[in-house]
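**Q** no sequence on this one, just coordinates:
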């Protein structure tokens, strides 16, 4: 059996560090949302549609960081709860357009103050510039082309 390549210690593993950071940020957010019985995934969907306007489901899944089948199941429930509405795309009847309702906007409004206070606290503890730098670096990381290079491609 070939020797195993060395792995980074879990304390310095990027995937684990990102998970730890996510949990540090999401824990207090989940507590805020639990008070009204809305999941973080539903809140993300509401925020994306509120910010972007009516949008097609595939684009919504991508922007809300959800798998399309999960979003589709979630949208049924959110429609029944009166948070969103769906209609056929007038240009392509196979697609549906998701729109936030007044009730969905109210959920966002109900949590806006707590969310803003939480982010202000994060920013005060971490530093405004460091927070902006972190967000910029994470955006850069998301935009990296992580496709494997073939042997014929030039390596940097």
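**A** It's in. Fair warning: this is a prediction, and the values are worked out from it, not measured in the lab.
**Q** Could you tell me which residues within the helix ranked longest in the chain count as buried?
**A** Identified as the longest helix of the chain according to DSSP state H is helix 102-126. In terms of neighbour count (16 or more other C-beta atoms under 10 Å), helix 102-126 has its buried residues at 104, 107-108, 111, 115, 118. Where C-beta positions appear, they are placed from N, C-alpha and C, glycine not excepted.
**Q** a markdown table please, covering those residues and showing distance to residue 87 and pLDDT.
**A** Formatted as a markdown table, the buried residues of helix 102-126 follow (distance: C-beta to C-beta, whole Å; pLDDT from 0 to 100):
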| residue | distance to residue 87 | pLDDT |
| --- | --- | --- |
| 104 | 15 | 96 |
| 107 | 20 | 95 |
| 108 | 21 | 95 |
| 111 | 26 | 94 |
| 115 | 29 | 92 |
| 118 | 34 | 94 |
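**Q** want to try TSV for the residues you listed, with distance to residue 9 as columns?
**A** Converted to TSV, the buried residues of helix 102-126 look like this (distance: C-beta to C-beta, whole Å):
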residue	distance to residue 9
104	44
107	41
108	40
111	38
115	34
118	31
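**Q** name the helices or strands packed onto the least confident helix or strand in the chain by mean pLDDT?
**A** The weakest-scoring helix or strand in the chain, judged by mean pLDDT, DSSP states H and E, is strand 92-100 (a mean of 87). Counting contacts by 3 or more C-beta pairs under 8 Å, 6 or more residues apart in numbering; DSSP states H and E, strand 92-100 packs against helix 40-52, strand 55-56, helix 57-63, strand 84-89.
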